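# Generate coordinates for the sequence data below:
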Amino acid sequence: MNRKLSTAAAVTAAVLLGGAGVATAAGPVTGTGTGTGAAGVPAATTIHFAHRATSASVSGTVGPGHDDRYVFDARAGQTAHLHLARSTSAQTWTLVGPTGPAVHDAHSPRQSDFTYRLPETGRYYVDIVSTRPSRYRLDLTIPTTTKPSTPSTTKPSTGKPDTGGTVVAEATKITFAPGRTRATVTATVGPQDRAAYTFAATKGQQARIQLAGSPTSTFTLTAPDGSPLHTGHSQNQSDVTLTLPVSGSYRIDLADDVRTGTQQLTLSIPRN
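Okay, here's the model as predicted:
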């Protein structure tokens, strides 16, 4: 079982991020991170800053089949710096914004230090995973100002934020033909190519996602509020069924960091 141990600086008082407080954390929690069913969504611990502090630290242990999730609230324009001290290179982490998709994942070369100008106001999710038992300490620093402390990370050529090596794809909406509850799409995915899709669903519906193609391909599923329900670290990447927690627009991102090829994604959502 994995453990999360918040340092004194991380649990003393409500967070002050530009004047916005964050509710008290519920305490140490665990999650399976398997991505199958509602039980596969790990519980989250809120990262807190002491009064007038701009940084906080959390630490713990994580191993195969587990997923440590932390959340923090921030405002658009603030710059977040994350430093991860880990006991093994088998340990990686993911950062997902309020509306997704992941802006940092296991494929990013920046696993120890990552600085990112936050594009949205809302709740951000940090998931820490490892293929072997390991320890970690995560330091999060967010100056209260909304002015960037470093030059803007927006690329003039694309107008999109610099995601530290992660390719963020524009999403295509998946729709079902009249009377059908299943749809299939195909896309070319590789180290420099990503594909993304969105679909609408209601709370309580079950979504089955089947991915066929390269054995090294992965997918992430992001809920309407930006919460990751399935990540590229999850053990099952070929056939996953989840009970959807809220109504709204969900997002699926396809990736393959090893080879470029055609992927076939099938989405099934039976009617309630």
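# Which of the residues in stretch 265-272 are classified as buried?
Leu265, Leu267, Ser268, Ile269 (16 or more other C-beta atoms under 10 Å). Any C-beta I mention is one placed from the backbone N, CA and C, and that applies to glycine too.
# For it, which outside residues touch it?
174, 176, 181-187, 197, 199, 201-202, 204-212, 219, 252, 254 (C-beta atoms under 8 Å, 6 or more residues apart in numbering).
# Same check on stretch 193-203?
With C-beta under 8 Å, 6+ apart, stretch 193-203 has contacts from 101, 167-175, 185, 187-189, 207, 244-255, 260, 263, 265, 267, 269, 272.
# pLDDT and distance to Ala43 added to the buried residues of stretch 265-272, as CSV?
Output for those, formatted as CSV (pLDDT from 0 to 100; distance: C-beta to C-beta, whole Å):
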residue, pLDDT, distance to Ala43
Leu265, 95, 28
Leu267, 97, 26
Ser268, 97, 27
Ile269, 96, 25
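# Which of those residues fall within strands?
Leu265, Leu267, Ser268 (DSSP state E).
# need these in JSON lines with distance to Trp93, can you?
As requested, those are arranged in JSON lines below (distance: C-beta to C-beta, whole Å):
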{"residue": "Leu265", "distance to Trp93": "25"}
{"residue": "Leu267", "distance to Trp93": "27"}
{"residue": "Ser268", "distance to Trp93": "31"}
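# Which parts of the stretch 101-250 of the chain are strands?
102-104, 113-117, 122-130, 134-141, 171-173, 182-189, 195-201, 206-212, 218-222, 228-230, 239-243, 248-255 (DSSP state E, counting those that start in this stretch).
# Identify whichever of these lies nearest to Ser57.
strand 134-141 (4.9 Å; C-beta to C-beta).
# what's the closest one packed up against?
strand 55-62, strand 68-74, strand 79-86, strand 91-96, strand 122-130 (3 or more C-beta pairs under 8 Å, 6 or more residues apart in numbering; DSSP states H and E).
# and the angle for the third one with strand 122-130?
Pointing back at strand 79-86 there. For strand 79-86 against strand 122-130, the angle by axes from the mean of the first three to the mean of the last three C-alpha atoms, to 10 degrees is 20 degrees.
# Distance from strand 79-86 to the middle of the chain?
Distance of strand 79-86 from its chain centroid, counting by C-alpha atoms, centre = their mean, to the nearest Å, is 15 Å.
# List the buried residues for it?
Neighbour-count burial for strand 79-86 [16+ other C-beta under 10 Å]: Thr79, Ala80, His81, Leu82, Leu84, Arg86.
# Just the buried residues of the contacts of stretch 193-203.
101, 167-169, 171, 174, 187, 189, 207, 244, 250-255, 263, 265, 267, 269.
# quick one, domains of the protein?
Domain assignment for the chain, taken from automatic domain parsing, gives 3-141, 171-268.
# From one end of the shortest one to the other, what's the distance?
Domain 171-268 has an end-to-end distance of 18 Å (C-alpha to C-alpha, to the nearest Å).
# Need the residue closest to the centroid of this protein.
Val96 (3.5 Å; C-alpha atoms, centre = their mean).
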